[in-house]
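J.: Kindly return the folded structure for what I paste below:
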Amino acid sequence: MKFFLLLSLIGFCWAQYDPHTQYGRTSIVHLFEWRWVDIAKECERYLAPKGFGGVQVSPPNENIVVYNPYRPWWERYQPISYKICTRSGNEDEFKDMVKRCNNVGVRIYVDAVINHMCGAGGGAGTSSTCGSYYNANNREFPAVPYSVWDFNDGKCDGEIYNYNDANQVMREILIKIKKHVGM
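T.: Numbering: from 1, shown residues only. You can find the predicted model right below:
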């Protein structure tokens with residue numbers, strides 16, 4: 001066990017020296033909320049010629065559509081499926097962006113939301129970026145597919161009483177978000 005721990009620590013230390021960009025490129029830019037087609041153009045016209053190594057993009061998976069307030073940035077962090085379909089574009093546009101950016105030496109880094117689904121306030125229906133049905137209150141996300149059995153939020157009362165307690169913050173439910181089992 002100690003040997004495995006030592007190897008892990010060495011690996012983590014060396015990981016900082018390899019950002020998985022092309023040689024000589026280490027800067028990464030976050031193009032938050034940009035459309036996939038615009039990111040592809042930016043890679044070709046500006047980022048590659050200026051030596052940028054990568055772009056972090058907003059979560060590409062299907063999410064609820066929030067109208068109050070109107071289309072806030074955080075709706076991207078309320079997923080209902082893993083379909084690539086958001087206000088940034090569709091799956092074909094995403095693939096084209098990745099290909100075009102990689103072709104000019106700029107890597108794509110995805111802000112992936114995999115620990116939870118939308119909060120209970122997300123309601124039910126098809127008001128999502130791809131039109132998939134979901135029912136957040138019943139923990140139904142058939143496009144994944146997830147059901148009530150795939151979530152662990154029934155194991156606690158859902159409130160965080162002490163933000164200084166790391167265990168509570170990690171295990172309880174922040175803003176009634178539906179956490180997956182084992183996360």
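J.: Can you tell me the SS state at the residue nearest to Q78 when sequence neighbours are not counted?
T.: Counting by CB to CB, 6 or more residues apart in numbering, the nearest residue to Q78 once its immediate chain neighbours are dropped is C118, at 3.8 Å. Backbone N, C-alpha and C define where each C-beta goes, glycine included. Under DSSP: H, G, I helix; E, B strand; the rest coil, the three-state class of C118 is strand.
J.: Y82 too?
T.: Three-state assignment for Y82 (three-state DSSP): strand.
J.: how deep is it tucked in, by neighbour count?
T.: Y82 sits with 15 neighbouring residues when counted by other CB atoms under 10 Å.
J.: Over to the spatially closest residue to it that is not a sequence neighbour: give its phi and psi.
T.: Among residues not flanking Y82 along the chain, N61 sits closest, at 5.0 Å (CB to CB, 6+ apart). Backbone dihedrals for N61, given as degrees, to the nearest 10, come out at phi -80, psi 160.
J.: Hmm, K83 and N61 touching each other?
T.: Yes. Between N61 and K83 there is a contact at 6.6 Å, judged by CB atoms under 8 Å.
J.: Can I get stretch 112-128 as PDB, trimmed to CA atoms?
T.: Taking Å, rounded to 0.1, in the frame of the first residue of the first chain, the C-alpha atoms of stretch 112-128 are listed here in PDB:
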ATOM      1  CA  ALA A 112     -17.500  17.900 -17.500                       C
ATOM      2  CA  VAL A 113     -20.500  17.700 -15.100                       C
ATOM      3  CA  ILE A 114     -20.600  14.000 -14.000                       C
ATOM      4  CA  ASN A 115     -21.400  14.100 -10.300                       C
ATOM      5  CA  HIS A 116     -25.000  15.300 -10.300                       C
ATOM      6  CA  MET A 117     -28.100  16.000 -12.400                       C
ATOM      7  CA  CYS A 118     -30.300  19.100 -12.200                       C
ATOM      8  CA  GLY A 119     -31.700  20.200  -8.900                       C
ATOM      9  CA  ALA A 120     -35.300  19.500  -7.700                       C
ATOM     10  CA  GLY A 121     -36.300  23.000  -8.700                       C
ATOM     11  CA  GLY A 122     -35.800  21.900 -12.300                       C
ATOM     12  CA  GLY A 123     -39.300  20.500 -12.400                       C
ATOM     13  CA  ALA A 124     -40.400  18.100 -15.100                       C
ATOM     14  CA  GLY A 125     -41.000  18.100 -18.800                       C
ATOM     15  CA  THR A 126     -39.000  18.700 -21.900                       C
ATOM     16  CA  SER A 127     -37.700  22.200 -21.300                       C
ATOM     17  CA  SER A 128     -34.200  21.300 -22.100                       C
END
